[in-house]
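A.B. asks: Next one to model:
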Amino acid sequence: MSIANKFRSAFRGDVSFLTLVGEVLRRRRAARQRVIERRDLDEIGATPARLAQPFASMSPSELLAHFRKKPSAFFALDKIGERSTRLFPDETAKLVNDADRIVDESVWELAGFEPLEFKAEDVWRRDPLGSKDWGLDYHADVVVYSDDRADIRVLWELNRFCHAVTLACAYVVTDDERYAETFFGQIEAWVEQNPYGRGANWNCAMETALRAINLIAAFDIFRLSKACTEQRLALMLQLFDQHGRFTLDNNEFSYLATSNHYLSDVVGLFWIGTMLPELEHAAEWREFALAEMLTEMDKQILPDGVDFEASTGYHNFVTQMLLFTFLLARKVGTDIPAEYWQKLHSMLDYIHGIIRPDGCTPLIGDADGSQIGPVVKRDSDDVAYLLALGAVIFDEPKFKEFGTLTPEMLLLLGEEAVEKFHSLVTAETTGSLAFPDAGAYVMRDGDLYLHFNANDTGINGRGSHAHNDALSIELSAFGRAFIVDPGSYVYNLDREARHCFRSTAYHSTVMIDGEEQNTTFADHPFILGNQARPNVLEWQTGDERDLVSAEHFGYKRLPQAVIHRRTVEFEKGDQYWSIKDELIGGGEHDFVFSFRLAPGLAVEHIDDSTVKINGDGLSLLIRATGIVASAETVPASVSRNYGHREDSSSIRWQVSAAAPLTASFILMLCGPSQNIQARLELLDRLADNIRK
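C.D. replies: All right, here's what the predicted structure looks like:
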């Protein structure tokens, strides 16, 4: 990265002088700490687990007996095998099959990639998609993002050990000792290949924290197995002690901004300190982490319950992480003030408010599919299971509207929770909602749905996970998504694709003169300007009609400035939306109006201004007025999961014209019981009214 871009990255956003001073001093302290750490690295790595009394005085056999007698602190294990098979036969069969493939073939899924084989000698350091061994340099010397196309995010996903939870859950169901033996064998190989503080797997405290959570969740089950010997227990305790020490010493706090990274750091410390009180520093880590976790919730959760990173994918991840952690705290008797339970409730409220009728959330901004303790591997937009858990935990019937009964509820809360979920009476259907702090506006009537996005780049202008998607929309109807956000696809694996998926052109909004709404830099995948700063002008909702109007200022930096103002109206009775795009300014410009389609849809061009989008016996008509241009169908892609994309297409109208300019679009649904000719005639009348 150039010096100028490094400066922009470090000091972008809304930052005060005192904050800058505090950050400079913090970085100096961190640099001094790393000098000491680098000097003592091998000594730290060779140190056995530091145990508290009376555990430090126990013999290895006594310590092992203690761990085998401990009650489970997280999973509800009583008679779980029989209940899982009875309640979730298909999911249980898949779980066991996935665990068998891990044991027999060393094959499992990472993120959105197809199942991969992990048999190389240096498997825990090797790029899962290539040949690069990330080496054993001091962790701070590792260059994470370079031009070699090796994607550190994929390596980190492997080393988060999500698959260990699969093995552990399968062990609960089957009592098959092969799963335990495989788990401990992999840990032994990992420790040998990743000495303390060396290599890419020690580069990021978030990764040590998330790895620790998943390993603790698995170990809480495997400590009961025959495969857990005295030597392996000692190794696990040493590993957990090292992870706690490293996470605290290298935590990602910054006076400039904190994000899901620092929150993950402190959540990981809370898990280590809570689940392993046998460690000497457990109480210190637990108390520090609990206080910091609540402080970060105050900073990172907006008043309307939304994570402040301008990304629904990261909101989903943070919600799951906090929900599981709050459950752990409640099970062990750690008090969390009621106001933070209420914040967690509001985070679920947001998911409930924006979830589509098909049970998926729009993927606004980045989404890498992160989970902790993944009982079931989920797509990035699949969070209905969190609503189901929330329905039981908060005794909240409305969450049952979209929430579905899943194995997570049985394994985390027990069969009593399953019975409670069945007994909840679903509240009345959710209607249109606004989340102004997040810039999210949902127009909803039954299973007709439109999401309007007016968020900024997040984290007080320092966001790294937002996209250039101001004033974009998602639309679904009759259980079918028609217009969607493209998702993220990858980060460093394909820099060109990374920038495409977060570009203005990839979203259902307006692009002017080929420029981005917010500035991006080709040599850095996580820098985004904050020029657009959307401003919502009006929001109305009623029984018959909704309206939202907003503008953004991302194109004021053009030589001849333009402001984009978009107004969306929803006529519920006639089942259509109208969109008015006002381009306010002067000069000649190239305007591109785009709508990104969901996969599996066929496009029929009725005339230059009208397209008919067909899928599953349903149709969406789009009619353009106010511009002289022909609709084009452009090949495109969308991504639900990191590393996976599907073929799709984008409908766009491109015109060169002088500003000011007003273009209008009518988006009309044609359901299974509606006559297409009658809908086209209504479309003609509405277009005539707009032209007049």
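
A.B. asks: use CA for all of it now, contacts and neighbours both
C.D. replies: Will do.

A.B. asks: where do the helices sit along the stretch 51-200 of the chain?
C.D. replies: 60-69, 80-87, 89-105, 152-159, 162-174, 177-193 (DSSP state H, counting those that start in this stretch).

A.B. asks: how about the ones you listed, which one is nearest residue 362?
C.D. replies: helix 152-159 (22.1 Å; C-alpha to C-alpha).

A.B. asks: average model confidence for the closest one?
C.D. replies: In this model, helix 152-159 has a mean pLDDT of 96.

A.B. asks: do stretch 100-111 as well
C.D. replies: Averaging pLDDT along stretch 100-111 gives 97.

A.B. asks: Show me this structure divided up by domain.
C.D. replies: Domain ranges of the chain: 45-285, 301-430, 434-691, per automatic domain parsing.

A.B. asks: Redo those as a markdown table? Include distance to residue 292 and mean neighbour count.
C.D. replies: A markdown table is the format used below for the domains of the chain (distance: least, C-alpha to C-alpha, whole Å; neighbours: other C-alpha atoms under 10 Å):
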| stretch | distance to residue 292 | mean neighbour count |
| --- | --- | --- |
| domain 45-285 | 7 | 19 |
| domain 301-430 | 12 | 20 |
| domain 434-691 | 18 | 20 |
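
A.B. asks: could you dump the ones you listed to TSV with distance to residue 294?
C.D. replies: Formatted as TSV, the domains of the chain follow (distance: least, C-alpha to C-alpha, whole Å):
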stretch	distance to residue 294
domain 45-285	9
domain 301-430	7
domain 434-691	17
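
A.B. asks: Those: which one's closest to residue 32?
C.D. replies: Once the domains of the chain are compared by C-alpha to C-alpha, domain 45-285 is nearest, at 11.5 Å.

A.B. asks: Lowest average pLDDT across the helices of the stretch 51-200 of the chain?
C.D. replies: helix 80-87 (a mean of 85).

A.B. asks: That one vs helix 89-105, what angle?
C.D. replies: Orientation check (axes from the mean of the first three to the mean of the last three C-alpha atoms, to 10 degrees): helix 80-87 against helix 89-105 gives 130 degrees.

A.B. asks: on contacts alone, who are the packing partners of helix 80-87?
C.D. replies: Other helices and strands packing on helix 80-87, by 3 or more C-alpha pairs under 8 Å, 6 or more residues apart in numbering; DSSP states H and E, are helix 89-105, helix 162-174, helix 407-413.

A.B. asks: Hmm, residue 448 is touching residue 476, no?
C.D. replies: Yes - assessed by C-alpha atoms under 8 Å, residue 448 is found in contact with residue 476 at 6.2 Å.

A.B. asks: what is in contact with the two at once?
C.D. replies: residue 357 (C-alpha atoms under 8 Å, 6 or more residues apart in numbering).

A.B. asks: helix or strand for residue 357, which one?
C.D. replies: Assigned by DSSP states H and E, residue 357 falls within no helix or strand.

A.B. asks: ok, now which ones touch it?
C.D. replies: By C-alpha under 8 Å, 6+ apart, the residues touching residue 357 are 402, 447, 448, 449, 476, 477, 479.

A.B. asks: got TSV for those, with pLDDT and distance to residue 161 too?
C.D. replies: Putting the contacts of residue 357 into TSV (pLDDT from 0 to 100; distance: C-alpha to C-alpha, whole Å) gives the following:
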residue	pLDDT	distance to residue 161
402	89	30
447	92	38
448	96	40
449	98	37
476	97	36
477	95	38
479	89	35
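
A.B. asks: Nearest to residue 142, out of the helices of the stretch 51-200 of the chain?
C.D. replies: Ranking these by proximity to residue 142 (C-alpha to C-alpha) places helix 152-159 first, at 10.6 Å.

A.B. asks: can you list the helices and strands packed on helix 80-87 in TSV and add distance to residue 242?
C.D. replies: Supplementary listing: those in TSV, determined by distance: least, C-alpha to C-alpha, whole Å:
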stretch	distance to residue 242
helix 89-105	26
helix 162-174	19
helix 407-413	27
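
A.B. asks: Spatially nearest residue to residue 124, not counting backbone neighbours?
C.D. replies: Computed as C-alpha to C-alpha, 6 or more residues apart in numbering, the closest residue to residue 124 that is not its neighbour in sequence is residue 190, at 6.1 Å.

A.B. asks: Sheet partners, orientation included, of the strand with the most length in the chain?
C.D. replies: In the chain, assigned by DSSP state E, the strand with the most residues is strand 644-658. Sheet pairing of strand 644-658 (DSSP bridges) gives strand 588-596 (antiparallel), strand 631-641 (antiparallel).

A.B. asks: what does that strand rub up against?
C.D. replies: Residues outside strand 644-658 that contact it (C-alpha under 8 Å, 6+ apart): 112-113, 489, 586-601, 627-639.

A.B. asks: after that strand comes which helix or strand?
C.D. replies: Following strand 644-658 in sequence order, the next helix or strand is strand 661-670 (DSSP H and E).

A.B. asks: Can you check what angle separates that following strand from strand 588-596?
C.D. replies: 20 degrees.

A.B. asks: counting contacts, what elements does strand 661-670 pack onto?
C.D. replies: Partner elements for strand 661-670 (3+ C-alpha pairs under 8 Å, 6+ apart): strand 576-585, strand 618-625, helix 676-691.
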